[in-house]
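Undergrad: okay, structure incoming, though there's no sequence with it:
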């Protein structure tokens, strides 16, 4: 699944602003890591 640029930026900022590992926060959001790194 592809995400719009604005939504992707929102997720990136959310991940950058947390102390949790990227893998864990993406799992909580239900976003596959492969999608995040595209």
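TA: Arrived safely, thanks for sending. Predicted model, so just to flag it, every value in this text is computed and none were measured.
Undergrad: where does residue 2 land in three-state SS?
TA: Put simply, residue 2 is coil when judged by DSSP: H, G, I helix; E, B strand; the rest coil.
Undergrad: any idea how far residue 14 is from it?
TA: Taking C-beta to C-beta, to the nearest Å as the measure, residue 2 falls 18 Å from residue 14. All C-beta spots, glycine's among them, are computed from the backbone N, C-alpha and C.
Undergrad: neighbour count for those two, which is higher?
TA: residue 14 (12 against 8; other C-beta atoms under 10 Å).
Undergrad: let me see the contact set for the more buried one.
TA: Contacts for residue 14 (C-beta atoms under 8 Å, 6 or more residues apart in numbering) come out as 25, 29.
Undergrad: then residue 31?
TA: Applying C-beta under 8 Å, 6+ apart to residue 31 gives the contacts residue 11.
Undergrad: what is the neighbour count of the residue nearest to residue 36 when sequence neighbours are not counted?
TA: Excluding its sequence neighbours, the residue lying closest to residue 36 (C-beta to C-beta, 6 or more residues apart in numbering) is residue 26, at 5.5 Å. Residues near residue 26, counting by other C-beta under 10 Å, number 20.
Undergrad: residue 26 against residue 20, yeah?
TA: No. Under the criterion of C-beta atoms under 8 Å, residue 26 makes no contact with residue 20, lying 9.6 Å away.
Undergrad: please identify the helix or strand for the closest residue in space to residue 32 that isn't next to it in sequence.
TA: Nearest residue to residue 32 in three dimensions, chain neighbours excluded: residue 26, at 7.3 Å (C-beta to C-beta, 6+ apart). For residue 26, the host element (DSSP states H and E) is helix 22-29.
Undergrad: buried residues, that helix. List them.
TA: 25, 26 (16 or more other C-beta atoms under 10 Å).
Undergrad: quick one: residues in contact with that helix.
TA: When contacts are defined by C-beta under 8 Å, 6+ apart, helix 22-29 is touched by residues 11, 14, 15, 18, 20, 32, 33, 36.
Undergrad: mind redoing it with 6 Å?
TA: Residues outside helix 22-29 that contact it (C-beta atoms under 6 Å, 6 or more residues apart in numbering) are 15, 18, 33, 36.
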